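Trainee: Provided below are the primary sequence and the corresponding predicted coordinates.
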Protein chains: 2
Amino acid sequence: MTVQNGVFEIQNFRMQSGATLPVARISYRTHGLLNAEKSNAILFPCFLGGVPEALEIWIGEGRPLDPSKYFIILPGQFGIAPSSSPSNTPAPYDGASFPQSTIADDVIAQEQMLREVFGVAELQLVLGWSVGALQTYEWAVRFPDAVKRMASIAGAAKPSDWTKLWLKSVIEEPLTTDPFWANGHYADGASLQAGKRQIGHLAALTLPPKAFYKMGEEVWRNLGFSSVPDFVARFWEAFWLPYDPNDLVLQARKAWAADPARGGDIRKAQAGIKARVMVAAFTGDAMFPPEEGALDAAATPGSLFRHLEGSSGHLATFSLSETDRTNIDSVLAEILGA
Amino acid sequence: MTVQNGVFEIQNFRMQSGATLPVARISYRTHGLLNAEKSNAILFPCFLGGVPEALEIWIGEGRPLDPSKYFIILPGQFGIAPSSSPSNTPAPYDGASFPQSTIADDVIAQEQMLREVFGVAELQLVLGWSVGALQTYEWAVRFPDAVKRMASIAGAAKPSDWTKLWLKSVIEEPLTTDPFWANGHYADGASLQAGKRQIGHLAALTLPPKAFYKMGEEVWRNLGFSSVPDFVARFWEAFWLPYDPNDLVLQARKAWAADPARGGDIRKAQAGIKARVMVAAFTGDAMFPPEEGALDAAATPGSLFRHLEGSSGHLATFSLSETDRTNIDSVLAEILGA
């Protein structure tokens, strides 16, 4: 299938914080072809620490995200290279001095990219998982006429108190208290080994549902790991180690502050969504418990709520089991058919 | 009521690691009076980071732990001053050079203290919560004839994989990666502010059941806090800040390695327990889920299992609500009557 990669540049991009990036870059990767009417586009923003390629497990002919039918755009976000990030921006906005960005900045830049690169003004679907789902709400609230359908998978309109505590204590603090942090002006991001590995340990502790570690269940065994320390090292440490610490801190702070209501009442902001909405939540997801997903759905007109049973919890997006695949494909088929 | 405090000294105490402490100290605090037959003693060891005084909320006339009826001993443990700890031991075993101790060391020293200070050879009940419960299993396996009854409350025979990951990533690593750690040879334990506060944040994230932070429930409100950051600072940071970092690391490693079977089959070790056993577990306790408590009970002859409903989860021992009090008093009354 046709896969394209690109980086969209915006000159003098004014961020929500008031800072102006002389050149802002947002990457994209696309599957399939845009039709002549430009009416078959789907946008699939990424999660925290996720590169667009990580989402490709959900794309396939004959599946809901069918590249022979849809033009599927996987946009980048600020804080993950090659999109503008602390690690790849020149002075004075390099490293720790990169302006704090928001999820609104991501969405504004993505929208401009869609129009100027592809001439797309309307999306059949915006879908996302976790921090990607925070982006879908920002999209549907900020650009209600551009989003026909929206799917929030293991996500929320706005991070909960628990999620905020998670972002600070699991992602930000292990880095900002690392002995080599130097207020973010470290010589070499790879030297923050302790902090990055600690993120891995804490993510391993807090993200998998309890069945992962339960005597007799030990779901990590099904994934080919030989012990819990092996699972922690090869799955969790390996995931975080490649990233630049300032880039991760930027992403964590961006998610922490996510607020489509811009300080107002989030439920009122949701009420302005025009898209058909699917809210999907997973059994055992400590980050976005199904009961909270149900509240999000109840506050969003034209929404469906699906509680998906399985043993992967928040990790279902990694398609760890056949159940995950079936579950998510079924809600995507449902919302695309709506 | 009669309250006594003391510190028991053992000369040349040989630890399980092979090291010999020239003087080992185990503190104790008692409520009530020992009867002439020395047959009314109850031992109540403490949790990780807990001082014996913290358990006194469970003692009261007319309640199961009735000091007018029982002689209730709250023993110290290695790693919490004034018991022998990295922070109060002279060279060469000072600070980071304190020998790694085990829960077996605690129990061996406590048993000697009971015999030599009080002449007590048999306990009506050994009860404990969390790491205190790890001590009760060590007691019942190591000294089966000395323990008539045992109660493990929100505990386990041995830490699970999840609990081990918790001890390493929530307690040990925030300290050992603190910029002022210096391999444990820091000049001043109070300088490890980042690490100790991070423990507070991560404990706040991982120990309360989800209802604490759930929209609409927010159990922290009932406890008199004004916001989540207020709860995190005044409850969680305040709890950990007073402690010496090496003392905390010692306690975490001791709990991590807890194993009444000494490397053998834990279920076989449990089968040798002669005490009547109560295993109590709380809804929403991520550390010691009720399903795992039920497995512990099933492996222990003469045991009762009680799944206690409530909104405090692992924190029920702090007696945060009337339900906690009623729940725990009821299981203590039941085991004392057995």
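Mentor: In hand now; what should we look at?

Trainee: ranges for the strands of chain A?
Mentor: Here chain A has its strands, by DSSP state E, at A:3-14, A:20-31, A:41-43, A:71-75, A:125-129, A:149-153, A:276-282, A:303-308.

Trainee: in a markdown table, list those strands along with mean neighbour count.
Mentor: For every residue, glycine as well, the C-beta is placed using N, CA and C. As requested, those are exported to a markdown table (neighbours: other Cβ atoms under 10 Å in any protein chain shown):
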| stretch | mean neighbour count |
| --- | --- |
| strand A:3-14 | 14 |
| strand A:20-31 | 19 |
| strand A:41-43 | 27 |
| strand A:71-75 | 25 |
| strand A:125-129 | 28 |
| strand A:149-153 | 28 |
| strand A:276-282 | 26 |
| strand A:303-308 | 18 |
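
Trainee: turn those strands into CSV, columns for mean pLDDT and distance to chain B.
Mentor: Formatted as CSV, the entries for the strands of chain A read as follows, by pLDDT from 0 to 100; distance: least, Cβ to the nearest Cβ, whole Å:
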stretch, mean pLDDT, distance to chain B
strand A:3-14, 97, 31
strand A:20-31, 98, 31
strand A:41-43, 98, 28
strand A:71-75, 98, 30
strand A:125-129, 98, 20
strand A:149-153, 98, 16
strand A:276-282, 98, 13
strand A:303-308, 97, 15
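
Trainee: out of these, which gets nearest to residue B:256?
Mentor: Each of those has some distance to residue B:256 by Cβ to Cβ; the shortest is strand A:276-282, at 30.1 Å.

Trainee: got the angle between that closest one and strand A:125-129?
Mentor: Strand A:276-282 runs at 20 degrees relative to strand A:125-129, counting by axes from the mean of the first three to the mean of the last three Cα atoms, to 10 degrees.

Trainee: helices and strands around strand A:276-282, which ones?
Mentor: Using 3 or more Cβ pairs under 8 Å, 6 or more residues apart in numbering or on different chains; DSSP states H and E, the elements in contact with strand A:276-282 are strand A:149-153, helix A:290-298, strand A:303-308, helix A:322-337.

Trainee: what about residue A:122, distance to chain B?
Mentor: According to Cβ to the nearest Cβ, to the nearest Å, residue A:122 stands 33 Å off from chain B.

Trainee: quick check: phi and psi at that residue.
Mentor: The phi and psi values for residue A:122, taken as degrees, to the nearest 10, are phi -140, psi 140.

Trainee: ok, the nearest residue to it once chain neighbours are set aside - contacts?
Mentor: If the residues on either side of it in the chain are set aside, residue A:122 comes closest to residue A:146, at 5.6 Å by Cβ to Cβ, 6 or more residues apart in numbering or on different chains. Under the criterion of Cβ atoms under 8 Å, 6 or more residues apart in numbering or on different chains, the contact list for residue A:146 reads A:111, A:121, A:122, A:123, A:139.

Trainee: wait, doesn't residue A:48 sit right on residue A:251?
Mentor: Yes: at 5.2 Å, residue A:48 and residue A:251 qualify as touching, with contact defined as Cβ atoms under 8 Å.

Trainee: and the two? which has more neighbours close in?
Mentor: residue A:251 (27 against 19; other Cβ atoms under 10 Å in any protein chain shown).

Trainee: return the residues in contact with the more buried one.
Mentor: Applying Cβ under 8 Å, 6+ apart, the residues contacting residue A:251 are A:48, A:49, A:77, A:79, A:80, A:131, A:171.

Trainee: that one and residue B:63, how far apart?
Mentor: Plainly put, residue A:251 is 51 Å away from residue B:63 if you go by Cβ to Cβ, to the nearest Å.

Trainee: can you check the pLDDT for residue A:60?
Mentor: At residue A:60, the model reports a pLDDT of 96.

Trainee: can you count the residues close to it?
Mentor: The local packing count at residue A:60 equals 16, with neighbours defined by other Cβ under 10 Å.

Trainee: okay, it and chain B: tell me how far apart.
Mentor: Summarising the geometry, the distance separating residue A:60 from chain B, computed by Cβ to the nearest Cβ, is 34 Å.

Trainee: just to check, that residue is in contact with residue A:68?
Mentor: No: with contact defined as Cβ under 8 Å, residue A:60 and residue A:68 do not form a contacting pair (9.6 Å).

Trainee: need the max-distance pair from the contacts of residue A:146.
Mentor: Every pair in the contacts of residue A:146 was compared (Cβ to Cβ); the two farthest apart turn out to be A:121 and A:139, at 13.1 Å.

Trainee: when these two are compared, which one has more neighbours?
Mentor: Taking residue A:121 and residue A:139 together and counting by other Cβ under 10 Å, residue A:139 has the greater number of neighbours (27 against 14).
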